[in-house]
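Student: starting from these lines, generate the structure:
(4 chains, ligands or ions: 4)
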Amino acid sequence: MAEVSAGRTGSSAAPRAVAEEKRLNMVQALNEALADEMARDETVLVMGEDVGPDGGVFRVTEGLIERFGNKRVLDTPLAESGIVGSAIGLCVGGFRPVCEIQFMGFIYPCLNQLCSHAARLRNRSRGTFAVPMVVRMPYGGGIRPPEHHSESYEAMLANTPGLKVVIPSDPYEAKGLLIASIRDDDPVVFLEPKRIYRAFRQAVPTAPYEIPLGEARVAREGSDVTVIAYGAMLQVALASAKKAEAEGISVEVVDLRCIVPLDVQTFVDSVVKTGRAVVLHEGPRTCGVGAEVAAAIGENALLSLLAPVERVTGFDTVFPGALLETHYLPHEERVLAAIRRTIDY
Amino acid sequence: MAEVSAGRTGSSAAPRAVAEEKRLNMVQALNEALADEMARDETVLVMGEDVGPDGGVFRVTEGLIERFGNKRVLDTPLAESGIVGSAIGLCVGGFRPVCEIQFMGFIYPCLNQLCSHAARLRNRSRGTFAVPMVVRMPYGGGIRPPEHHSESYEAMLANTPGLKVVIPSDPYEAKGLLIASIRDDDPVVFLEPKRIYRAFRQAVPTAPYEIPLGEARVAREGSDVTVIAYGAMLQVALASAKKAEAEGISVEVVDLRCIVPLDVQTFVDSVVKTGRAVVLHEGPRTCGVGAEVAAAIGENALLSLLAPVERVTGFDTVFPGALLETHYLPHEERVLAAIRRTIDY
Amino acid sequence: MPITDVYSATTRRIEILDKDGKVDEALLPSELDDATLQRALELMMRMRAFDEKALTMQRQGRIGTYGSMRGQEAAQAGLALAIEPDDWLVPSIREQGVLEACGVPMRHWFGFCKGDERMAVFPGVNALTPSIPVGSQLLHAAGIGMALELRGEATAAIGFAGDGATSEGDFHEALNFAGVFNARTLFFIQNNGWAISVPITQQTRSATIAQKAHAYGIEGVQVDGNDVLASYVASRDALRKVRAGEGPVLIEAVTYRMESHTTADDHTRYRSADEVAYWAERDPIKRMRAYLEGRGLWDETRHEATLKKLGDDVEAEVARLEDNAPPPPTDIFDHMYSAMPETLRAQRQALLDEIAVRGGNGANHG
Amino acid sequence: MPITDVYSATTRRIEILDKDGKVDEALLPSELDDATLQRALELMMRMRAFDEKALTMQRQGRIGTYGSMRGQEAAQAGLALAIEPDDWLVPSIREQGVLEACGVPMRHWFGFCKGDERMAVFPGVNALTPSIPVGSQLLHAAGIGMALELRGEATAAIGFAGDGATSEGDFHEALNFAGVFNARTLFFIQNNGWAISVPITQQTRSATIAQKAHAYGIEGVQVDGNDVLASYVASRDALRKVRAGEGPVLIEAVTYRMESHTTADDHTRYRSADEVAYWAERDPIKRMRAYLEGRGLWDETRHEATLKKLGDDVEAEVARLEDNAPPPPTDIFDHMYSAMPETLRAQRQALLDEIAVRGGNGANHG
Ligand SMILES: Cc1ncc(C[n+]2csc(CCOP(=O)(O)OP(=O)(O)O)c2C)c(N)n1
Ligand SMILES: Cc1ncc(C[n+]2csc(CCOP(=O)(O)OP(=O)(O)O)c2C)c(N)n1
Ligand SMILES: [Mg+2]
Ligand SMILES: [Mg+2]
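Tutor: Ligands and ions are numbered 1, 2, ... in the order given. Just a heads-up that it's a prediction; the model follows:
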């Protein structure tokens, strides 16, 4: 493959390879990943509600139907089970569909197809049938929309064997992880932090590149406490780390990138080094990803822990309406307070 | 209410009150709870697939349609979303439906109704509408059935704010918890460990009684290590505890009873006492209830821990076919090995 | 007879008032006296006035995302005229018109669009909160209709949805449950031609939505949804039948969404100006006004006076909306359960502590 | 014309061979030569022989829960005669007959019923593994049919389901997607009167399942599902149309489940012996045999010889089934992902270690 060897793969923070780059926001990076893969592999399809002429409600699929036609970009009826279920059939029939679910709050109708079938068909058929499908969707809060438009349901997917769950934290990550997800032969749920869709631009190689699934990365080095985050919360983690620095606390930040496969080694190594951990996500606390990370730290680094693992998460409540959103979402101050608690313990 | 004050409520292991009792298995205890509540409150309905003349595929609703008629016991079309969704409407219309989902493996189609609506209607309407619904279903392994008949998806429900999740571990518990669930004004998912539906009989008071939701109990006292379990796994925990005793290890066993509300205090108190914990469930490990329990122990009892919290859980795989089931399901030896690891750490 | 017809069926369409304001007198219901006819027009004008105000307020950042109902006034007003006070309304997100016509103060809808959850509860009517997951609410309508049937109450539950919603599995399960349990439910589908950017022709291969009733052995009927009289007649007949326990009914009101899907959408990306112009000619208000003017029941003076009064009513509502203090942060927690679990109480306390540390009065942190 | 018919439609039912073995000659397809007619009967007898063996084996504890297809042989054999080798089969859990007729060795089905997942993969045919969540597989059939349409392949995907399955939302979404995308899919619904204990009359208020096709603008047809010739003719016509990309088709084969739902069920709890007797008279094998005997194409000698041969075939399959070594415990892990994640590898190793400690050979612990 004539590709640049991508910069920040794995848990290393290696310098980015020098290659042709453009400054893109996350929506553009994702769009480029889709277009590149559709151009490279004609079995790649894009399907979902409003992915055609509308280009998706967030414009991630913009221009694709014009370029690849309506046999590669399928505007579907309004039915999430239909989208994922028929995509399973398309996989069996030789395609690699990239489905869009309009918001993560609307995945429940497709969970039977996703969890009872997509996640299981390989196992059920002892490897005879694969489901090389990607199910993309915007997730998380921060844009003050109506109910059901801000949810973070990744924990429930992580509890479902057979799926991969990938969550990029910036445009560079988004392109590399989406390309890897499309090329992956297993069903991948690809969660897009809508809050940072257009929040900032970043240099992104124009050539396709893959970031391997299942390798977390150290997004910032530090020595006193490890903050483990992903998606939009990574930016919150980094900002909190900066503020902590001003207080003399050195924070290491780990970007999980994938919830499944979970790269336990990378965050455990970090916690062994720092002795303290804060895990950060937007989804509800109980049985959330934070519980898994905390449990894994307890299992693998108990004797290194100088303080309990702090969980900074969404509350065990419905994601609130626009007027109360900022109270719900973990923010820098809240992370900083947790960092301080691990230090003061 | 002219009821016996039930014996084993709360975390106390108080002696059972003397009252009229019958020896019942769990199916009979559940059936009695349903009949009692239907007799007491005419807004209580039973609905689901095959709950009528067939009495449910496990016979939990046996005799109810004959006794209460087909306006109280509704055999529904084969559609889980339809069952839970229409039950929400029935709640709004003044009823208290007890829905049966035939197996937990078939809940995905109703998750949108359960999680997007039943769990949220009270909050969304600022308390105007309640959803006093119970959704009963057999869950878990041990009967060597076809695929999708052995699943334990409780973690995903625990990650959904607004639901209560209740799991009885014996016939006495089953009756008291089901009555409390029916009388509760919030939506309760009631998981029945099918493996022990008919495994043993127990003295169960004939009069109705409630076991409050959200109070775990110490099912066995011990001093060296705490095993935290629920549902069918409680029996495995108790059996392992006995075996451990023979090796000179004193095991305390906590029966969670409810995953939501989770009674953290009871198991944390126990772990503070014993210094060691094993958490046990059938569902997959990643983001399972074991992760939550381990995280909560780490948060509340870190300095008491003499060893990492051990998780004995289902694998992160599909629940296997009948021929491999016993390899998947946590069993006494596996729990015992985990207990020993906490001692030998 | 080895090849037989086991089923045969037709689906009717009702039109009474044509686009130029001419009425089929034979079909004009006698109970529609002059005052009621005038009220029909006023209801529609009122809906439009509130709708226009909402669009303005959204542009000004005074409410959040708003989905306009412009173009769908006749469908909703015609139905509203047939609704009884006890009937249940189970709305999705474009039924502000029918709610308004049933007496719900529109500040509640505006508040809902602001993200103030206290306002999504509608006083004075039997109505559920609006349901956002498309199609799901139809099962609630089926369930309420089952409750009414079980108790033998002469009341109807009305479930609302759009054309796109008919593709969801819940549409199917709702109509099937309603059929099997003889629910006292009317399914009122506003086929406005589009589900965001997907036209009805890509939503389903069936020629009409009304014919989907055949799948459930229930009655289905199509009306010109821009004709308030047709909508009234179909709704009246359907509701009578439903309330009498003679079976659920599906009404398809064929109409058009004149604006973008919501203020977050740009309809020019996917549909032609010609199409919009075609439907503008079929405007429900224009034709009813022409009809009433032809009958001497409306004139320019009355029109202006009505608009003036509506303007005042709209401003009064907005004023009351904007008088509302914001909800307290604890609102996030306080309605999750009938009694608050310990773990949640701790989270609530943590938020309060955090706000206190900020020296806060509950205002957002930034 | 203010009240118009916007849709009108009929649904046909095909019957060719009546319960006494008389045939409507006008409808008898000319391509069905004597040998094919005999084969139709043989296929059905073969299905029954395997079915009976399975029930016996279940009673003996040699396989797990088994769902009998007794009574549904004509529906499945008629279809099988019209299937081409490239067609895709998307079965649920009562399609062992059609799979057998398409050449799948029945030890695979038996193995599936034993809980040996290696066996649920069917050699020699394009078939998915059986799908247990009711109705869900129809979307896979729709999707395969979409793939065939996208590539313009003259092949059909056949999705199977029962009457109960038509209540699930996925039935609706599958037929709607198939319609919209012109999927090359045949939906073959065996209406055997019961979904476990729920009769079709409580499953839906529609008079037939075939008429549900009207909701999707596609063709629907009902056949006497105990008539192998009618099932063949309807299937042949439908598959021709589907393969040619002329649209999906829904076939409703009206038949009867003669046994309990599965060996875990007891049908006497919820249905009458009279009803079962009524359908026993309409047995698909009996009537076809009568017809062939009338035409001199079958007699007692041939019947006995066929039964003898079938008995041998059945025993040979069972022998091969029982020769299978049990699956290794690692099978639980080895097909979960294309490449095994580290956390899963650790769990796999833990199981192997545990087995080693037990001094194990991988046998179950007890
Ligand atoms: C289950 C679900 N999927 C997707 C969405 C996003 N969404 C909101 S409205 C809408 C289109 C609805 O179209 P239609 O049913 O025709 O109603 P209309 O908006 O035209 O009134 C979509 C796709 C949603 N709210 N719920
Ligand atoms: C989603 C789901 N719900 C419930 C079940 C349990 N179940 C298995 S088969 C069956 C009845 C199926 O009836 P039908 O579709 O008529 O097929 P038949 O068994 O008659 O062939 C039920 C309820 C299931 N397998 N999947
Ligand atoms: Mg629409
Ligand atoms: Mg059936």
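Student: please count neighbours and contacts with C-alpha atoms only from this point.
Tutor: Noted.
Student: all strands of the chain, in order?
Tutor: With no chain named, the answer covers chain A. Ranges of strands in chain A, per DSSP state E, are A:21-24, A:44-48, A:73-75, A:96-100, A:134-139, A:164-166, A:188-193, A:202-205, A:217-220, A:225-229, A:251-255, A:258-260, A:277-284, A:310-314.
Student: right idea, wrong chain: chain C
Tutor: Secondary structure of chain C (DSSP E): strands at C:3-14, C:88-90, C:126-127, C:157-162, C:185-191, C:194-195, C:198-199, C:219-224, C:249-254.
Student: for the residue in the stretch 151-300 of chain A that chain C sits nearest to, which non-adjacent residue is spatially closest?
Tutor: The minimum distance from the stretch 151-300 of chain A to chain C, using Cα to the nearest Cα, falls at residue A:286 (9.3 Å). Leaving aside its sequence neighbours, residue A:286 sits nearest to residue B:159 (Cα to Cα, 6 or more residues apart in numbering or on different chains; 5.3 Å).
Student: tell me how many other residues crowd the one you found.
Tutor: Residue B:159 has 28 neighbouring residues, counting by other Cα atoms under 10 Å in any protein chain shown.
Student: correct me, but it touches residue A:291?
Tutor: No: the criterion here is Cα atoms under 8 Å, and residue B:159 misses it with residue A:291 at 10.6 Å.
Student: got a list of what the residue nearest to residue A:115 when sequence neighbours are not counted touches?
Tutor: Leaving aside its chain neighbours, residue A:115 sits nearest to residue A:160 (6.5 Å; criterion: Cα to Cα, 6+ apart). Neighbouring residues of residue A:160 by Cα atoms under 8 Å, 6 or more residues apart in numbering or on different chains: A:115, A:119, B:284, B:316.
Student: also near ligand 4: which of these, exactly?
Tutor: Taking Cα under 5 Å from the ion as the test, ligand 4 is in contact with none of those.
Student: of the residues you listed, which is the nearest to residue B:46?
Tutor: Nearest to residue B:46, judged by Cα to Cα, of the contacts of residue A:160 is residue A:115 at 28.1 Å.
Student: still on that earlier bit, could you dump the contacts of residue A:160 into a markdown table with neighbour count added?
Tutor: Converted to a markdown table, the contacts of residue A:160 look like this (neighbours: other Cα atoms under 10 Å in any protein chain shown):
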| residue | neighbour count |
| --- | --- |
| A:115 | 20 |
| A:119 | 27 |
| B:284 | 27 |
| B:316 | 24 |
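Student: redo the residues you listed as JSON lines? Include distance to residue D:226 and pLDDT.
Tutor: Below are the contacts of residue A:160 laid out as JSON lines (distance: Cα to Cα, whole Å; pLDDT from 0 to 100):
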{"residue": "A:115", "distance to residue D:226": "36", "pLDDT": "98"}
{"residue": "A:119", "distance to residue D:226": "37", "pLDDT": "98"}
{"residue": "B:284", "distance to residue D:226": "45", "pLDDT": "98"}
{"residue": "B:316", "distance to residue D:226": "45", "pLDDT": "98"}
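Student: okay, now the single nearest residue of the stretch 251-366 of chain C relative to ligand 3: neighbour count?
Tutor: Nearest residue of the stretch 251-366 of chain C to ligand 3: residue C:257, at 7.2 Å (Cα to the ion). By other Cα under 10 Å, 22 other residues sit near residue C:257.
Student: ok, residue A:179 next?
Tutor: 22.
Student: residue A:209 is in contact with that one, correct?
Tutor: Yes: counting by Cα under 8 Å, residue A:179 sits close enough to residue A:209 to count as a contact (6.9 Å).
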